[in-house]
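Participant: Sequence plus predicted model, see below.
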Amino acid sequence: MRNFLRAVKASWPYRARLVFSLLMALLAAACWSLNFLTIHPCMKILSGVHSLPESVDADIAQIQTQLEPHQRKLADYQEQLANVEHWPEGAVKDAKKSELSGLFAHMQWKINQESLSIYRLQLLRSIYVRFLPADRFAALCRLLLLVVAVIALNGFFDFAQESLVGSVTNLTLYNLRNRFYRQVLRLDETHFGEAGTHGLMARFTNDMEALGAGLKTLYGKVIAEPLRAFGCILLACTVSWRLTLLFLILVPLGGFFMAKVGQMMKRASRRLLERMSDIYKILQESFQGIRVVKAFTMEPYERLRFRTATREYYRKAMKVVNIEAGTGPVIELMGVIGVVLALLAGSYLVLSGKTEILGVRMTSYPLDYETLLMYYALLASIADPARKLSSVYTKLQSGAAAADRIFAIMDLQPRVRTTSQGAWLASHAKEIEFRDICFSYEPNRPILTSINLSVKHGQVVAFVGRNGSGKSTLLGLLPRFNDPDHGSILIDGVDIRSVLLRSLRKQMAIVTQDTILFDDTIFANIAYGKRHASREQVEFAARKAFAHEFIETLPKGYDTRIGELGRALSGGEKQRIALARAILRDPKIMILDECTSQVDAESEVKIHQALQQFTRGRTTFLITHRLNTLEVADSIVVLERGRIEAVGMHAELLRTSRVYQSLHEANHLKKAA
């Protein structure tokens with residue numbers, strides 16, 4: 001429950017609402033309990049021929065008939081004690097004195113109890129005389145109107161408490177979702193692969209809802225239902241605290257049972273949430289890869305995969321349902337057993353007219369059936385909140401399981417550490433140096449080994465190599481998507497790990513092979529890296545990227561929405577939009593990862609012309625296999641198995657680098673094909 005308590009702490013800013021909701025719950029519990037006090041006078045009115053004051057007078061007279069002989073016995077014990085004082089000292093005197101002192105104290109207690117009962121009845125009589133008319137039917141009408149008024153007040157207080165609890169719960173979830181999203185954005189790119197976007201989505205939605213249900217239950221029923229039960233217990237104790245204790249004897253057994261059920265519920269809830277993550281995963285993969293699914297006619301397989309996942313979710317969900325459904329009846333049965341025990345004992349006292357059971361005094365005066373009926377109603381009203389609390393514990397455990405999954409992500413620390421104490425990186429103007437760089441995603445599987453490279457400001461450097469040689473990984477270290485295991489990267493002599501991360505990335509723009517666009521307008525996508533850009537600036541960048549012409553042909557031009565992942569555009573159009581986005585940012589450092597891989601030949605020529613103009617005065621890193629793209633490069637770096645195999649120009653590398661020769665031949669064969 002540790003993580004669930006952390007979620008509870010997130011509600012601290014709304015403590016005023018919680019305190020007010022507690023006040024509403026107290027008032028609602030008071031109204032709930034007071035309703036049962038009307039049972040006794042109503043039954044007295046319906047069952048007798050006397051008015052309520054007359055009925056109370058009869059009860060007082062009955063107690064006084066018991067009080068008078070008790071007072072005589074008390075005087076007799078006192079007289080006997082006085083006589084014993086004259087006996088000679090010894091064991092006999094001490095024993096007799098002890099016996100009489102015990103009898104005197106017991107009788108004094110009886111008289112005190114009977115006197116207290118008479119006082120209560122006299123107080124009740126004064127209330128009846130003052131507030132109820134003498135006519136029995138009129139008195140009954142007034143009592144029933146009081147019941148309606150109290151129930152209306154109870155409803156208002158219930159509504160106020162539920163509303164306040166709902167606001168606290170939703171505000172807490174609002175803050176937790178924002179904190180969770182902020183934490184996820186702080187994580188490294190590798191964390192997204194490990195947790196999976198489907199797992200993160202499940203935590204944002206299903207897990208948050210489960211946590212919210214737990215918090216609402218905690219602030220709602222966990223407070224309101226025990227208060228109702230406690231109010232009724234207090235009233236029941238005024239009738240007979242011993243009978244009430246007999247009813248409550250099963251509480252420890254119920255607590256032990258709930259603890260065991262809670263452990264089962266938490267495990268089952270955690271597995272249920274994991275199965276929901278599996279469903280999100282299948283949905284994400286099949287929807288994003290819908291073209292592949294349809295092209296390879298894999299719809300039946302995907303349906304089977306989804307059906308298997310949902311069937312597994314159904315099984316786990318039914319386990320949770322069965323645990324929750326089985327808990328209520330067991331707790332209800334325990335409550336009924338307690339009510340029956342207390343009711344049997346009370347019925348014996350009413351039918352026999354006694355106040356003791358097996359020598360144990362249960363009440364101060366004999367019970368009548370009207371009081372017993374009110375007492376039974378009070379016990380039943382205690383059992384009802386107890387039954388409702390059985391589902392409370394299971395929901396709290398579900399919320400605890402969800403909190404564990406949410407805070408497992410919130411507690412992750414980014415591998416790429418940044419410090420708020422770092423300096424702001426000055427505008428790049430001299431040199432970028434890769435110094436003895438080594439990097440691996442997994443132990444004993446190096447991706448980059450001993451990379452040493454120096455790039456002057458304003459140079460265009462192209463990286464070539466076979467798939468898996470480490471090109472994208474190396475350039476991903478520059479904006480610190482990852483940090484090297486060994487070595488360092490310096491910009492103008494400053495280690496990039498020592499500066500503010502934001503100041504580093506502010507100087508960069510990236511265009512990747514897998515173009516990422518958002519479900520927004522073309523204007524918003526181009527201005528994504530510069531949110532306050534003007535219309536003229538966006539159009540200028542689009543013209544530079546040779547995207548303006550096709551944008552103008554769209555129905556709404558720059559205000560056209562492009563759909564999820566830019567599905568409304570072709571691959572080449574998406575890449576030109578991404579290039580325009582990078583140009584608008586006006587970076588000091590450009591990283592282009594196969595940025596012309598999906599454009600046609602004519603657009604590629606124009607983009608190269610744009611790059612030749614745009615790369616002036618800024619350091620540019622290219623990853624490409626196309627020869628015409630290499631023509632804009634000042635230097636070419638050949639990577640092979642995570643090492644720099646050669647550095648030079650095209651003609652030089654054709655003579656000296658076997659790897660470059662094979663890449664060149666493969667590129668020619670591809671073009672010929």
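Facilitator: Received, thanks.
Participant: Mind giving me the packing neighbours of the lengthiest helix in the chain?
Facilitator: The longest helix of the chain (DSSP state H) is helix 299-352. Judged by 3 or more CB pairs under 8 Å, 6 or more residues apart in numbering; DSSP states H and E, the packing partners of helix 299-352 are helix 221-247, helix 251-288, strand 356-357, helix 369-410. C-betas here are computed from N, CA, C, even on glycine.
Participant: what do you get if the cut-off is 6 Å, keeping everything else the same?
Facilitator: helix 221-247, helix 251-288, helix 369-410 (3 or more CB pairs under 6 Å, 6 or more residues apart in numbering; DSSP states H and E).
Participant: Which secondary structure element of this structure has the lowest mean pLDDT?
Facilitator: One helix or strand of the chain scores below all others by mean pLDDT, DSSP states H and E: helix 189-195, with a mean of 68.
Participant: just checking, next helix/strand downstream of that one?
Facilitator: helix 197-202 (DSSP states H and E).
Participant: tell me how far that following helix is from the chain's mean position?
Facilitator: Between the centre of helix 197-202 and the centre of its chain there are 14 Å (CA atoms, centre = their mean, to the nearest Å).
Participant: residues of that helix that come out buried?
Facilitator: With burial defined by 16 or more other CB atoms under 10 Å, the residues of helix 197-202 counted as buried are His198, Gly199, Leu200, Met201, Ala202.
Participant: what about that helix, average pLDDT?
Facilitator: Over the span of helix 197-202, the pLDDT mean works out to 80.
Participant: Can you spell out which helices and strands pack onto it?
Facilitator: Under the contact criterion of 3+ CB pairs under 6 Å, 6+ apart, helix 197-202 touches helix 251-288.
Participant: What's the first helix or strand after the helix it packs on?
Facilitator: Counting by DSSP H and E, the element after helix 251-288 in chain order, helix or strand, is helix 290-295.
Participant: And the contacts of that next one?
Facilitator: Contacts of helix 290-295 with the rest of the structure, by CB atoms under 6 Å, 6 or more residues apart in numbering, involve Ser286, Glu302.
Participant: Show me which residues of it are buried.
Facilitator: By 16+ other CB under 10 Å, the buried positions in helix 290-295 come out as Val293.
Participant: CA atoms only: put that helix into PDB for me.
Facilitator: Output in PDB follows, covering the C-alpha atoms of helix 290-295 (Å, rounded to 0.1, in the frame of the first residue of the first chain):
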ATOM      1  CA  ILE A 290      -2.900  -1.800 -41.000                       C
ATOM      2  CA  ARG A 291      -1.400  -1.700 -44.500                       C
ATOM      3  CA  VAL A 292       0.900  -4.700 -43.700                       C
ATOM      4  CA  VAL A 293      -2.000  -6.600 -42.100                       C
ATOM      5  CA  LYS A 294      -4.200  -6.100 -45.200                       C
ATOM      6  CA  ALA A 295      -1.400  -6.600 -47.700                       C
END
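Participant: Report the distance from that helix to the chain centre.
Facilitator: Centroid separation for helix 290-295 versus its chain: 36 Å, with CA atoms, centre = their mean.
Participant: on that earlier part again, let me have the buried residues of helix 197-202 in JSON lines, extended by distance to Leu185.
Facilitator: Shown next, in JSON lines, are the buried residues of helix 197-202 (distance: CB to CB, whole Å):
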{"residue": "His198", "distance to Leu185": "17"}
{"residue": "Gly199", "distance to Leu185": "16"}
{"residue": "Leu200", "distance to Leu185": "11"}
{"residue": "Met201", "distance to Leu185": "14"}
{"residue": "Ala202", "distance to Leu185": "18"}
